Structure formats: C-alpha cells, structure tokens
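Asks: With the sequence up front, the predicted model follows.
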Amino acid sequence: MIPINSPQIGEEEIEAVVKVLKSGVLTHGLGEGPMVKKFEEDFARFVEAKYALAVNSGTAALHMAVVGAEITSGDEVILPSFTFVATAEAVVMAGAKPVFVDIDPETYNISPEKVEKAITKKTKAIIAVDLYGSPADLKPVREIADKHGLKVVEDAAQAHGAVYKGKPVGTYADVACWSFYASKNMTTGEGGMITTNDGEMAEKLKLLRTHGEKEKYRSILLGHNYRMPEIQAAIGCAQLAKLPIFLAKRRENAERLTAKLRGTKNLQLPTEPKNCKNSWYLYTVRLKGAKMEKRNAVVEKLRQEGIGAEVYYAWPIHLMPYYRKFGKFKLPETEKASEQVFSLPVHPGVTLEQIDFISETVLRCMK
C-alpha cells in the first residue's frame, strides 16, 4: 500500500534523540529547554516571524491562540466547517461559540465574502485554515478584521513552507498555529508551534503554555501544561533542516500527478492561488457532480489497487453530532465538497514510478 502520508525519519533524527537522552535534560519546567529554544529560533526564522513558541500539539497551539486573543464565554468566532475538528474545538474549549461559514469551491478555504456577512456584535475573531497546504486568502480577511476590530488566527497546521503573496503563511494573522503530527510535512511525532509578531501576545502565550507561571510555582494567570519536551524539539530541528527537500519532492510529485491527470473528465484537480505556493500537504481532487457513494466507491477501488487514498473531510464540523447544538448553518459548498473530494499520496516517500502508477490507476477508475 502506498500510504497517504509517511514520516521521513533518518539517522539525523535518531542521533538527535540519543544526544538528548544522553544529556539527561528531557524537559524544562517553563518549557524553555535548550533544544526547544533552538527549534523555536530556527522555526521563527523559517516562517519570518519575530516570536515562536513550541508546544506539545497543534491543538494546544490553537487553544492557546484563542485564549491569548482574550476570547471567552459569550464571544463568537468565525471559522470554516470544512477542516479538522481541532479548529472548532479550540473555540469551544475557550467557552466561545463557533460560527461556521462557507468555503471557496476551488481552494476549499474560508470565503472572505461569507466572513463579512457572518459578523455580529459578539464576534471577536476569525480563524482561517490553510487547508491541504493551500494558503487561505488572508489579505481580505485581515482587512475585514481590522475594519471590525477583530483578531485573526491562522490555522497553518498543514502549511509548513506555503507562501502567500510572496511571504510565508502567517504574515497577515495576529497569531499562526502549526502542527507537527506524524503525517505533516515535517514532524516531531506530536507537537505544535505558535508564531506571532506581537511581543505582548508572545509573553502571554508563554504564561499560558506553563500553568500561568512566569517563574516556578508562582502562577499569575490560568494556564495549562502545553510544553514541548526536548526529544520532540530535537526531532523538529532535524526535520526543519530537511523541510526544503521534503517540499521540493512534494511539489515534484504534485506537478507530475497534475500533468498526468490534466483533462480528465469529471475530475477537478488542485490549483495554486495566484501569487501563492502550496505546501502540497495533501493532493486533493474532486469528483465533480458526484454523490458521496460514488466518491467512496472510487476511493475503495484505489485502495484495492494498493493506493492509500483518503477523504479529508467526509463530515463537516457543523454536521457532527456534538457541534449541531451551535446552530444550523447553510453551507452548500462545504457540504458538496465533503461528498466529492479525496486525496492522493504525494509525500516525499512516493517515487515517480509510483506517481505514474497512481495516475494510471485513477484514470482507469474514472472509466
């Protein structure tokens, strides 16, 4: 089976982990161990942010970002429903109400036009997701937020290395959140990062990361235990050094797949927005005009042929049992996409020969 994603771990990561184990420094009470600090500095440089804080998951990063933006009970946060549930989870964990809006049918990212229409007196923030590694259209979202005095959180969990209008994603947001889960473009096994250019926000996030402590055993606000251990940070440093190579291989695979599948009837291929570069975390195609059953049948055929095709995301968040209580939302593009999309493997472990096999198999299944 050609998996949809596969962590690319080499001797560098193994040596980095062994070095940490031999050092005896496995963590730090305030989350500021030597490897964590190095990882934060390296990552901040890579995404051109002033501040970076390493945490133990992308979900932790999102929760801290929402709380750091002073979102609380009674507030509303506008976000897409077509994303992983953690995006909405962070809002609810802060006691706020998620307000779901529709997506652009080409990029699958949040529609700025829909955002503006959803703003109320209770709205405090907008969360935009760079879905599948394709940059969300943040400039108009930023303009809308500034007009209404709102914070912008960017969920860049899938977008390491993606570029929006010539700058790394995250530039237009007050705070950006990243994931290093095992399937991502780079990994620490589990882990996350928060980046921002706001010094005051960065200081608040440091407190939130470690029980609200500015110094040991003296909490000055309510916090959590969201620290990243030294072993994870060590893996992250090794992975970040390899990330440009990973991204180049993903792009090569994605472009070859596009060339092979271009012109296929009823198949909408992924595109890059103007002046943007995808990170190609997932290569997501769309079976135009299909119902869920037909899409699922194609995915099953591909799996039977040894291709690990997957559906991200078959259930929009607003239709999940728990989240229905936040209201009924009319999201036709979101619901249509959830029935029609499926993703194909393009990760760095996929060879060009396998890309050819994937394309040939997809073409055969289309018939």
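Replies: Alright, I've got the coordinates. Numbering: from 1, shown residues only.
Asks: Going by C-alpha atoms from here, please, whenever you check contacts or count neighbours.
Replies: OK.
Asks: What residues sit buried inside the strand or helix carrying Asp42?
Replies: If you go by DSSP states H and E, Asp42 is part of helix 34-47. The neighbour-count check on helix 34-47 (16 or more other C-alpha atoms under 10 Å) flags Pro34, Met35, Val36, Lys37, Lys38, Phe39, Glu40, Glu41, Asp42, Phe43, Ala44, Val47 as buried.
Asks: can you check stretch 186-199 too?
Replies: When burial is assessed from 16+ other C-alpha under 10 Å, stretch 186-199 yields the following buried residues: Met186, Thr187, Thr188, Gly189, Glu190, Gly191, Gly192, Met193, Ile194, Thr195, Thr196, Asn197.
Asks: Show the pLDDT at Cys177.
Replies: At Cys177, the pLDDT value in this model is 98.
Asks: That one in helix, strand or coil?
Replies: Here Cys177 is strand, with the state taken from DSSP: H, G, I helix; E, B strand; the rest coil.
Asks: Find the least confident helix or strand in the protein, judged by mean pLDDT.
Replies: strand 213-215 (a mean of 89; mean pLDDT, DSSP states H and E).
Asks: Parallel or antiparallel, list what pairs with the helix or strand just after that one.
Replies: Next along the chain after strand 213-215, taking DSSP H and E as the criterion, comes strand 218-219. If you go by DSSP bridges, strand 218-219 pairs up with strand 213-215 (antiparallel).
Asks: Contacts made by the partner strand with the rest, please.
Replies: Contacting residues not belonging to strand 213-215 are listed as Leu30, Lys206, Leu207, Ser219, Ile220, Leu221, Gly223 [C-alpha atoms under 8 Å, 6 or more residues apart in numbering].
Asks: was I right about the fourth one contacting Lys206?
Replies: No - with contact defined as C-alpha atoms under 8 Å, Ser219 does not reach Lys206; the gap is 11.8 Å.
Asks: Redo the contacts of strand 213-215 as JSON lines? Include pLDDT and neighbour count.
Replies: As requested, those are exported to JSON lines (pLDDT from 0 to 100; neighbours: other C-alpha atoms under 10 Å):
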{"residue": "Leu30", "pLDDT": "83", "neighbour count": "20"}
{"residue": "Lys206", "pLDDT": "96", "neighbour count": "25"}
{"residue": "Leu207", "pLDDT": "96", "neighbour count": "24"}
{"residue": "Ser219", "pLDDT": "94", "neighbour count": "15"}
{"residue": "Ile220", "pLDDT": "93", "neighbour count": "13"}
{"residue": "Leu221", "pLDDT": "93", "neighbour count": "13"}
{"residue": "Gly223", "pLDDT": "95", "neighbour count": "19"}
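Asks: Thr264: which of those is nearest?
Replies: Proximity of those to Thr264 (C-alpha to C-alpha) peaks at Lys206, which lies at 49.8 Å.
Asks: Work out for me the element the closest one sits within.
Replies: Judged by DSSP H and E, Lys206 forms part of helix 199-209.
Asks: hey, where'd the strands end up in the stretch 201-350 of the chain?
Replies: 213-215, 218-219, 267-268, 276-277, 283-287, 341-344 (DSSP state E, counting those that start in this stretch).
Asks: Quick one: closest of these to Ala233.
Replies: Nearest to Ala233, of all the strands of the stretch 201-350 of the chain, is strand 213-215, at 21.1 Å by C-alpha to C-alpha.
Asks: How about that closest one, which residues are buried there?
Replies: Buried residues in strand 213-215, counted by 16+ other C-alpha under 10 Å: Glu213, Lys214.
Asks: circling back: so what touches the helix holding Lys206?
Replies: Outside helix 199-209, the residues that touch it by C-alpha under 8 Å, 6+ apart are 31, 51-53, 55, 64-65, 68-69, 196, 212-214, 221-227.
Asks: After the helix holding Asp42, which helix or strand is next? Please name it.
Replies: Scanning onward from helix 34-47 (DSSP H and E), the first element met is strand 51-55.
Asks: Averaged pLDDT, the helix holding Asp42. What do you get?
Replies: On average, helix 34-47 scores 98.
Asks: hang on, the earlier thing: taking the contacts of helix 199-209, please make a PyMOL selection of just the buried ones.
Replies: In PyMOL syntax, the buried subset of those is picked out as below (16+ other C-alpha under 10 Å):
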select buried, resi 31+51+52+53+55+64+65+68+69+196+212+213+214+223+225+226+227
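Asks: didn't Gln340 look like it was pressed against Arg286?
Replies: Yes - contact criterion C-alpha under 8 Å: Gln340 and Arg286 qualify, at 5.3 Å.
Asks: which residues are common contacts for those two?
Replies: With contacts taken as C-alpha under 8 Å, 6+ apart, Gln340 and Arg286 have no neighbour in common.
Asks: Just want to know which of those two has more residues nearby.
Replies: Gln340 (24 against 21; other C-alpha atoms under 10 Å).
Asks: which residues touch the more buried one?
Replies: Gln340 makes contact with Arg286, Leu287, Lys288, Gly289, Ala290, Lys291, Met292, Arg295 under the criterion C-alpha under 8 Å, 6+ apart.
Asks: State the distance from it to Glu15.
Replies: 43 Å (C-alpha to C-alpha, to the nearest Å).
Asks: for Glu215, same thing?
Replies: Using C-alpha to C-alpha, we find Glu215 at a distance of 32 Å from Glu15.
Asks: now do Val36
Replies: For Val36, the distance to Glu15 (C-alpha to C-alpha) stands at 16 Å.
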